[in-house]
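K.L.:
3D, please:
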Amino acid sequence: MASLLELVQDAVTPDITRQVSSLVGETPAATDSAVRRAAPAVLASVVNSASTAGGADRLRALVSEGGWGADVLGSLGARLAGGSGTGTFLSSGARLVSNIFGNKTDGITDLIASGSGVQRGSASTILSLIAPIVMSVLGKQIVARGLSTSGLSTMLAGERSSLVAALPAGAAGLLGMKDTGPPWRTSPTPRPDVRATAAAPIVSERFDPEPETGVPGSGLSRWWPALLVGLAAVAMLFLLTRGRQTDVASMRPEPAASPRQLASVNLPGGGRISVDQGSSVHQLSTYLADSAAGGLPKRFVFDDLHFETGTTRLTPQGQRTVESLAAVLKAYPTVRVTLEGHTDATGDPTSNKTLSLQRAEAVKQMLTNTGIAAGRLQAEGYGQERPIANNDTETGRARNRRLELVVVAR
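P.N.:
So this is what the prediction gives:
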């Protein structure tokens, strides 16, 4: 019988991958890489949460109340075709991601982005697409197998080891799951665990130290050579670093994607702009330059266009992004776009929706001031209705304060 991870991967067909690739503005290869990192991460977190009776109850209720199941899996193509249906699907997925990962959402997003080479905004969107697929696979299994809460918990527990081995590097630690590693890393002659029996298999992950029996080959005496080597390494490290003031935090690898390089973009009519490689403007210009590219409406998340909190004032980086955007839109005079404003969940929802519309209109005004016809631009505001990150962290709130551009005609 196929594993849950295989069922999720089977649901993401090549056609679905191409749709997601078009939706997030990444290459199909990078999108597929991100999906293959996101799927085990979502499943592993679900398995971890359902390891208790209460967690399994909550998971079963989440699947049931959300209506996740075979119907969703059978209509994925239509749900990713663009428009309001896709927006609603993404919003539901974002809420699932927040529910599944909680305050670990940003860390998981960073791992997926850095491991696959996609932008953080793209990784966040892909997570919001994978979460409903995972829940729908679970919903289908619950119905097909007639699983009770305990049955669901047992099924998920059986997937744990394979999921941990499939997680992207660093995810097991972030999720608090024991990384047992792939099968080939285990000893060819493992020592039997005398605590486990066929009637009562051990499921606890606690490490119980062995008694110091002094018998050769068992207990602490079996490990003393390795301990001596470890102590020697610690001593050597101390001697090498003695007298230096080292910032330990600076030695930790950053989970975010590598810094972008500048890309020179040649525009129709002889214009040229310099933008960050892979940035939203770069993606937009690449898309518009490809006359064969379709898939309208086409959405771009401008994760480098930010506003000062609670205002319609763009940050300096945001202003530079709008200037580059204006140059691209001028070079393609038949293109029409919708500017969608979004906020975080801080404050009153009604006020946030008003603010998001004002921000979209502010960008529209800046673009029309450069000579772009107002009829080519439409401004909309959604407030906090469509988050792409966890609103419980400052990083997540900053990402939710964003503007999205949707190409509706070209």
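K.L.:
how about the strands in the stretch 301-410 of the chain?
P.N.:
For the stretch 301-410 of the chain, applying DSSP state E, counting those that start in this stretch gives strands covering 336-342, 377-381, 402-409.
K.L.:
not counting residues beside it along the chain, what's closest to G295?
P.N.:
S22 (4.3 Å; CB to CB, 6 or more residues apart in numbering). From N, CA and C alone the C-beta is placed, and that goes for glycine too.
K.L.:
swap in N266?
P.N.:
R272 (5.4 Å).
K.L.:
quick one: closest of the strands of the stretch 301-410 of the chain to G74.
P.N.:
strand 402-409 (26.3 Å; CB to CB).
K.L.:
using CSV, write down the CA coordinates of that closest one.
P.N.:
Output in CSV follows, covering the C-alpha atoms of strand 402-409 (Å, rounded to 0.1, in the frame of the first residue of the first chain):
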residue,chain,number,x,y,z
ARG,A,402,2.4,43.3,0.8
LEU,A,403,1.1,44.1,-2.6
GLU,A,404,0.3,41.5,-5.3
LEU,A,405,0.1,42.3,-9.0
VAL,A,406,-2.2,40.3,-11.2
VAL,A,407,-1.7,40.5,-15.0
VAL,A,408,-5.2,40.3,-16.4
ALA,A,409,-4.5,41.1,-20.1
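K.L.:
so what touches that strand?
P.N.:
Under the contact criterion CB atoms under 8 Å, 6 or more residues apart in numbering, strand 402-409 has outside partners 121, 280, 284, 287-288, 296-303, 305-306, 325, 334-342, 359-360, 363, 378, 388.
K.L.:
tell me which of these fall in helices.
P.N.:
Judged by DSSP state H, helices contain the following of these: G121, S280, L284, Y287, L288, L325, R359, A360, V363.
K.L.:
quick check, the last one in contact with T321.
P.N.:
It refers to V363. No. V363 lies out of contact with T321 (CB atoms under 8 Å); the separation is 9.4 Å.
K.L.:
now the common contact residues for these two.
P.N.:
Here V363 and T321 have L305 as joint contacts, going by CB under 8 Å, 6+ apart.
K.L.:
still on that earlier bit, the residue nearest to G295 in helix, strand or coil?
P.N.:
With DSSP: H, G, I helix; E, B strand; the rest coil as the basis, S22 sits in helix.
K.L.:
next, count neighbours for it.
P.N.:
20 (other CB atoms under 10 Å).
K.L.:
cool, and S324?
P.N.:
22.
K.L.:
now it, nearest residue through space, not along the chain?
P.N.:
By the measure of CB to CB, 6+ apart, the closest residue to S324 outside its immediate chain neighbours is V281, 4.5 Å from it.
K.L.:
so for the one you found, what's the pLDDT?
P.N.:
Predicted confidence (pLDDT) for V281: 92.
K.L.:
cool, and the one 4 residues further on?
P.N.:
Model confidence at S285, given as pLDDT, is 93.
K.L.:
can you tell me which residues contact it?
P.N.:
V265, L267, I273, V275, V328.
K.L.:
shouldn't the third one be in contact with V328?
P.N.:
Yes. With the criterion set as CB under 8 Å, I273 and V328 qualify as a contacting pair; they are 7.2 Å apart.
K.L.:
between the two, tell me which one has more neighbours.
P.N.:
Taking other CB under 10 Å, I273 and V328 do not tie; V328 has more neighbours (22 against 19).
K.L.:
quick one: the closest residue to the more buried one other than its chain neighbours from R120, how far?
P.N.:
Counting by CB to CB, 6+ apart, the nearest residue to V328 once its immediate chain neighbours are dropped is S285, at 5.0 Å. As judged by CB to CB, to the nearest Å, S285 and R120 stand 20 Å apart.
K.L.:
with T315 instead?
P.N.:
T315 is 17 Å from R120, by CB to CB.
K.L.:
between those two, which one's more packed in?
P.N.:
R120 (22 against 13).
K.L.:
which stretches of the stretch 301-410 of the chain have low pLDDT?
P.N.:
Residues of the stretch 301-410 of the chain meeting the criterion pLDDT under 70: 309.
K.L.:
can you get me a residue count around the nearest residue to R299 once chain neighbours are set aside?
P.N.:
Excluding the flanking residues, the one nearest R299 by CB to CB, 6+ apart is V406, at 5.0 Å. Other residues lying near V406 total 19 when counted by other CB under 10 Å.
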